[in-house]
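*Asks:* Pasted the sequence and its predicted model underneath.
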Amino acid sequence: MEGVLFLAAAVAIAVLVGIVYVVLSESVKFFAAVPIGDFLTDTRWTPLFEDAHYGIAPLLSGTFMSTLVALAVAVPLGLLTAIYLSEFADARSRETIKPTLELLAGVPTVVYGYFALLMVTPLLQRLIPGLPGFNLLSAGIVMGLMIIPYIASLSEDALRAVPNNLRDGSYAMGATKLETAFRVVLPAAVSGVVGAVVLGMSRAVGETMIVVIAGGQQPQIVTSPTQQGATVTAFIAQVALGDLPFGTLEYQSIFAAGLALLLLTLVFNLVAFALHRRYREAY
Amino acid sequence: MANVEARDLTARPPGLRRRRFLDASFLVWGAVATLVGLGTLAALVLGLWADGGSRLNAQFFFSFPSSNPAMAGILSSWVGSLLVILTTAAIAIPLGALAGIYLEEYAPKNRVTSAIEIAVNNLAGVPSILYGLLALGLFVQALAMGQTILVAGLTLALLILPVIIVATREAVRGVPHDIRQAALALGATKWRTTQDHVLPYALPGMVTGVIIGLSRAIGETAPLILVGGLTFVAFLPVHAPGEPLSYTVGRVDEYGAAIDPDEMVAVHLARGGAVHTPEGAELAVAPGATVEAPAGSLVETTATFADAAQSWAPWHWLGEAFTVMPIQMFNWTSRPEEAFRDAAAAAGLVLLAITLLMNGVAIWLRARLRRKIRW
């Protein structure tokens, strides 16, 4: 029996190694045709054109822009929610609000994509005249709403883990609840809170459907969130939506893009994990 | 120390009114921030209901996708979702549960174990589209398994494996050691102890993880796009004998239009039926007759007993092409015609109802567990 159990557990290693191997092996073929210097420095990504360019920068700029918008929405809202739930709300409303928020995390991303393209974008177009139908602003805002539950829930756990005698000490010095929350509890929980934010960021970077549906599919160096642009994930999905040309450079390019994505999320996860460990060791 | 000002310690400290006001105002700010999250959920449900609520009728659930938006339905996609999720559950539940039990009850403290733990932790953070690349490169390309229900189910099983492993570990860890020791003291083997005394107590926690994992698999779109989920599927992989059978012949694009309009396909119908050409002509076919139909034609006939019996065997439907609900919704959302919007919204409502219900049950189960169990 123990052997069977071990094999089941070893599948996890096989899957991780499988992902890394598949992405790397196709990327190696890709980089045999496209110099890695061009990949990193070229400012155009046009694999479908006659004059093909393979610079990852436009895709990365799309990913960073949509992630930035998402964080601008989710960090303040998620943190305020966490502080409110952990420090201000009574136990009963906390026990109802937190699970309801967690329901948001279960909404399929394709539904969020529909929401971004057909509900949020028309609303934004009324506020910002000339906003194109596809834009990273709308995709980013909805992505932000999507990651609020992750940031709020994990930050709330971190805030609640701060021992009460720190709060009592602060109250004894005459501080108000708000001052205690922001100057005592939040700093004490900072590594857990930052870990939550990094995890939300990693979600945003890897999110595909919202940006495919609402963000546009034209890779370009994005300088403003009101522009349309393709993210790394959107490009992979876009190529897969057509007839996949197995074995061509275009086919290999989605694996090279996948490699960039894998490295990005790996870094984020390592940072989040390190911060989480530090926060666990705090008390 | 000579010029320390004498201060009335009973007086209010300066700025107290402002500080108290700020403190009270946070009750508003915090509530507003919290409401944004809750409001999003409400806006999603109400918005989808306004767009697609009117489409939620029997016709929608029992019609195939169509190039006519008013006729389009989700029959092939909900059956596809059901078969894919069955496959996913059959693979992910035993694998995840066994892996979780191993890590918690059996694993020695060594490098292999910590490698497995690191792998599980990292897999949980890998974007879903990378699982799609794994499936494309390994299952579809290297192993030539095709773009089938089996590959889709397998891909989603790998995707939710970390969720089930982590939930199993937490549930097993929560069972007190006394129970294990009591069983072991009576001479039970390690596996007997685990099977008969640890797992029954851990089961509710494991079920919670399984529900959350499966609900995620139902809503997942990106990895399935990579294994060919965006094909036009206007047939069911399983049939009943005598059941009306309809399918599109020839090579068609994802919207059901012929790729080569000149392509002709020989259609043989044992029980007879009709062929609707893309031009709108209808040809009656006598039982046992064969006709030539242009690609993109819709064939309507009756399933024979042999057709039906064959179709229900898993090794048959596992090898069929598939579409699933989130991909059907994506297809309708990305079409330029506005008329498909209400179909997309209706599909979204169905998806939302299923996933919210499953998550709700899981969250309720977890809360109940926390309250009920006192060792």
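*Replies:* Structure's in. What do you need? Numbers count the residues shown, from 1 in each chain, chains lettered A, B, ... in the order given.

*Asks:* residues touching the residue nearest the centre of chain A, list them.
*Replies:* Centroid check for chain A by C-alpha atoms, centre = their mean gives A:A204 as the closest residue, at 1.7 Å. By C-beta atoms under 8 Å, 6 or more residues apart in numbering or on different chains, the residues touching A:A204 are A:S66, A:T67, A:A70, A:L71, A:A74, A:M143, A:G144, A:I147. From N, CA and C alone the C-beta is placed, and that goes for glycine too.

*Asks:* Helix, strand, or coil at it?
*Replies:* In three-state terms, and counting by DSSP: H, G, I helix; E, B strand; the rest coil, A:A204 is helix.

*Asks:* How about B:A266?
*Replies:* B:A266 ends up strand, using three-state DSSP.

*Asks:* Give me the distance between it and B:L156.
*Replies:* 37 Å (C-beta to C-beta, to the nearest Å).

*Asks:* More neighbours: which of the two?
*Replies:* B:L156 (30 against 9; other C-beta atoms under 10 Å in any protein chain shown).

*Asks:* Spell out which parts of the stretch 251-375 of chain B neighbour chain A.
*Replies:* B:326-327, B:329-330, B:333-334, B:341, B:344-345, B:348, B:351-352, B:355-356, B:358-360, B:363-364, B:367 (C-beta under 8 Å from any C-beta of the partner chain).

*Asks:* buried subset of those?
*Replies:* B:326-327, B:329-330, B:333-334, B:341, B:344-345, B:348, B:351-352, B:355-356, B:358-360, B:363 (16 or more other C-beta atoms under 10 Å in any protein chain shown).

*Asks:* Filter the residues you listed down to just the ones in strands.
*Replies:* The members of these all map outside strands under DSSP state E.

*Asks:* And the helices in chain B, which stretches?
*Replies:* B:16-52, B:58-61, B:75-101, B:111-125, B:128-134, B:149-173, B:177-185, B:190-193, B:199-219, B:222-226, B:305-312, B:314-317, B:325-333, B:341-372 (DSSP state H).

*Asks:* any chance of those helices in a markdown table, plus mean pLDDT?
*Replies:* Formatted as a markdown table, the helices of chain B follow (pLDDT from 0 to 100):
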| stretch | mean pLDDT |
| --- | --- |
| helix B:16-52 | 86 |
| helix B:58-61 | 78 |
| helix B:75-101 | 91 |
| helix B:111-125 | 87 |
| helix B:128-134 | 93 |
| helix B:149-173 | 91 |
| helix B:177-185 | 89 |
| helix B:190-193 | 89 |
| helix B:199-219 | 89 |
| helix B:222-226 | 89 |
| helix B:305-312 | 70 |
| helix B:314-317 | 72 |
| helix B:325-333 | 88 |
| helix B:341-372 | 85 |
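
*Asks:* now those in JSON lines, with distance to A:A52?
*Replies:* Below are the helices of chain B laid out as JSON lines (distance: least, C-beta to C-beta, whole Å):
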{"stretch": "helix B:16-52", "distance to A:A52": "40"}
{"stretch": "helix B:58-61", "distance to A:A52": "43"}
{"stretch": "helix B:75-101", "distance to A:A52": "35"}
{"stretch": "helix B:111-125", "distance to A:A52": "32"}
{"stretch": "helix B:128-134", "distance to A:A52": "21"}
{"stretch": "helix B:149-173", "distance to A:A52": "29"}
{"stretch": "helix B:177-185", "distance to A:A52": "62"}
{"stretch": "helix B:190-193", "distance to A:A52": "58"}
{"stretch": "helix B:199-219", "distance to A:A52": "35"}
{"stretch": "helix B:222-226", "distance to A:A52": "22"}
{"stretch": "helix B:305-312", "distance to A:A52": "45"}
{"stretch": "helix B:314-317", "distance to A:A52": "40"}
{"stretch": "helix B:325-333", "distance to A:A52": "27"}
{"stretch": "helix B:341-372", "distance to A:A52": "34"}
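
*Asks:* Spatially central residue for chain B, please.
*Replies:* Central residue check for chain B by C-alpha atoms, centre = their mean: the C-alpha nearest the mean position is that of B:I218, 1.1 Å away.

*Asks:* Quick check: the gap between that one and chain A.
*Replies:* According to C-beta to the nearest C-beta, to the nearest Å, B:I218 stands 7 Å off from chain A.

*Asks:* In space, what's closest to the residue in the stretch 151-283 of chain A that chain B sits nearest to - neighbours in sequence excluded?
*Replies:* Going by C-beta to the nearest C-beta, chain B is nearest to A:G206 of the stretch 151-283 of chain A, at 2.5 Å. Among residues not flanking A:G206 along the chain, B:P127 sits closest, at 2.5 Å (C-beta to C-beta, 6 or more residues apart in numbering or on different chains).

*Asks:* For that neighbour, give me phi and psi.
*Replies:* phi -60, psi 140 (degrees, to the nearest 10).

*Asks:* Tell me the pLDDT of A:R167.
*Replies:* A:R167 is assigned 91 on the pLDDT scale.

*Asks:* Could you list every helix and strand in contact with the helix or strand containing it?
*Replies:* Assessed by DSSP states H and E, A:R167 sits inside helix A:164-172. Judged by 3 or more C-beta pairs under 8 Å, 6 or more residues apart in numbering or on different chains; DSSP states H and E, helix A:164-172 is in contact with helix A:177-180.

*Asks:* Only C-alpha atoms, please: export the helix it packs on in CSV.
*Replies:* The C-alpha coordinates for helix A:177-180 follow below in CSV (Å, rounded to 0.1, in the frame of the first residue of the first chain):
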residue,chain,number,x,y,z
LYS,A,177,-9.0,51.8,17.2
LEU,A,178,-8.0,53.2,13.8
GLU,A,179,-4.5,54.3,15.0
THR,A,180,-4.0,50.9,16.5
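
*Asks:* Tell me which other helices or strands it touches.
*Replies:* helix A:164-172, helix B:16-52.

*Asks:* buried residues in the shortest one?
*Replies:* It refers to helix A:164-172. A:L166, A:R167, A:S170.

*Asks:* Setting aside sequence neighbours, what's the nearest residue to the residue of the stretch 151-300 of chain B found nearest chain A?
*Replies:* The nearest approach of the stretch 151-300 of chain B to chain A comes at B:G219, 2.7 Å away (C-beta to the nearest C-beta). Ranked by C-beta to C-beta, 6+ apart and with sequence neighbours excluded, the top spatial neighbour of B:G219 is A:P108, at 2.7 Å.

*Asks:* that older thread, any idea how far the residue nearest to the centre of chain A lies from A:Y150?
*Replies:* Computed as C-beta to C-beta, the A:A204 to A:Y150 distance reads 10 Å.
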